[in-house]
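Undergrad: pasting the sequence and the predicted model now:
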Amino acid sequence: MGGDSQTAAPTRAEVLSWLSLKGADREALYRRADAVRRERKGDEVFIRGIIEFSNVCANDCLYCGIRRSNGKVRRYRLPADEILGVARQMTGWRQTTVVLQSGEAPSAAGDRELGEVIRRIKAETGLAVTVSVGNRPREVYARWRECGMDRYLLRFETSDPALFARLHPDCTLDERLRCLRDLRDLGVQAGGGFMIGVPGETRETLADNLLLCRELELDMVGIGPFIPHPDTPLGAEPNAYADDPDMFFVALAALRLVHPRAHIPATTAFDAVFPGTGRNLALKRGANVFMPNNTPGERRGDYLLYPNKPCVDENAGQCAACVVMRLRSLGRTIGEGPGHAEG
């Protein structure tokens, strides 16, 4: 892992100019991003299946549907054997990474149990393992690394410390960035990212978000539109780009140009805003990873970070088959092997 020495970092002014493009100039930006994606990543798309193993969360982020204060959520935690059962099926679905995702609910017992789940997945399946469960002390990350964790996904959501503090009453941006740096120091492939268009964001903030991804040398960057959840304090707040939703793709294309070596997923939220086509368009505009939902069907409706989440009424096998069909329709090949970050 390391910096991208083959391309010079764009200036903030350059990034802002990309974010201001309209019409045919936007289409040219998309084509440029797709060309860079093809040059750096080829036509392979790595499929990384997500298991949302718990929606218990100790935090009260203002935008999140599973926030601690949302009393309408039916809380759950999948037992280890159920998680392992899903993971064992994934190789048959041509998925090479399992993403273990949950709300942020740190506890000594829960963290030890997760370590054992990671160890069992590595021993029984050979899958690469990504974990996404929020802020933890360095020693917890080190223990999970020893158990076999390959990657960690921790979105910083915004580069603006004041905006971060307003959105996340339970932690600071500095704490979040400290966690990302700890992970990199430990040799874990670090993923991050942010919401596009959170209330209070400006074009300048968005440009800084993009540049921070490169500054942090993130191995994977997941971004997607802010979608207001009705049962949260921001439920009535529109996206900052509600009148220009194509800005979500402009940000994605700009990300590919800012940070060419990163793995960039076509996140589910694109399909929520552009039903049936959003993730396809993302893959044509810079993305190279697809992350289907492998959460057991009876629990999918309980893990709604935002409303209108796609695929809630499907099971994991149906989602897996749909992904393969989508990728083939786009002329993309399915990545083999773990799909680790570039050196």
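TA: Cool, the structure landed.
Undergrad: packing partners of the helix or strand bottoming out on mean pLDDT in the chain?
TA: When the helices and strands of the chain are scored by mean pLDDT, DSSP states H and E, helix 316-329 comes last with a mean of 93. Of the remaining helices and strands, those touching helix 316-329 by 3 or more CB pairs under 8 Å, 6 or more residues apart in numbering; DSSP states H and E are strand 44-54, helix 80-90, helix 278-284, strand 289-290, strand 333-334. For the C-beta atoms, the positions are set from N, CA and C on the backbone; glycine is no exception.
Undergrad: most tightly surrounded among the ones you listed?
TA: Ranked by mean neighbour count under mean count of other CB atoms under 10 Å, the helices and strands packed on helix 316-329 are led by strand 289-290, which reaches a mean of 26.
Undergrad: now the element after that strand, going C-ward?
TA: helix 297-300 (DSSP states H and E).
Undergrad: mind listing what's buried in that next one?
TA: 297, 299-300 (16 or more other CB atoms under 10 Å).
Undergrad: which one of those residues is nearest residue 63?
TA: Distance to residue 63, by CB to CB, is smallest for residue 300 among the buried residues of helix 297-300, at 19.7 Å.
Undergrad: list the contacts for the closest one?
TA: The contact partners of residue 300, by CB atoms under 8 Å, 6 or more residues apart in numbering, come to 52, 293, 309, 311-313.
Undergrad: so among these, which ones count as buried?
TA: By 16+ other CB under 10 Å, the contacts of residue 300 give 52, 293, 309, 311 as buried.
Undergrad: closest one to residue 173 out of the residues you listed, please.
TA: For the buried ones among the contacts of residue 300, the nearest to residue 173 is residue 52 (24.9 Å; CB to CB).
Undergrad: got the contact list for the closest one?
TA: Applying CB under 8 Å, 6+ apart, the residues contacting residue 52 are 101-102, 293, 295, 299-300, 303.
Undergrad: for the residue positioned nearest the centre of the chain, name its beta-bridge partners.
TA: Among the residues of the chain, the one closest to the centroid is residue 222, at 3.6 Å (CA atoms, centre = their mean). Note on residue 222: beta-bridge partners by DSSP bridges are residue 193.
Undergrad: is it true that it touches residue 155?
TA: Yes: contact status for residue 222 versus residue 155: in contact at 6.4 Å, counting by CB atoms under 8 Å.
Undergrad: spit out the residues that contact these two alike.
TA: 192-193.
Undergrad: do you know how far the residue nearest to residue 332 when sequence neighbours are not counted is from residue 69?
TA: Spatial nearest neighbour of residue 332, excluding adjacent residues (CB to CB, 6 or more residues apart in numbering): residue 45 at 4.8 Å. The gap separating residue 45 from residue 69 is 38 Å, by CB to CB, to the nearest Å.
Undergrad: was I right to think residue 46 contacts residue 339?
TA: Yes: counting by CB under 8 Å, residue 339 is a contact partner of residue 46 at 3.7 Å.
Undergrad: who touches both of these two?
TA: 96-97, 263, 289.
Undergrad: what are the ranges of the helices in the stretch 101-250 of the chain?
TA: 108-125, 138-147, 161-167, 173-185, 203-215, 247-258 (DSSP state H, counting those that start in this stretch).
Undergrad: most distant residue from the centre of this structure?
TA: The chain, farthest from centre, CA atoms, centre = their mean: residue 24 at 28.8 Å.
Undergrad: and the strand or helix carrying it, what's buried?
TA: The secondary structure element spanning residue 24 is helix 23-41 (assigned by DSSP H and E). Residues of helix 23-41 classed as buried: 26, 29-30, 32-34, 36-37, 40-41 (neighbour count, 16+ other CB under 10 Å).
Undergrad: helices or strands up against that helix?
TA: Short answer (3+ CB pairs under 8 Å, 6+ apart): helix 23-41 packs on helix 247-258.
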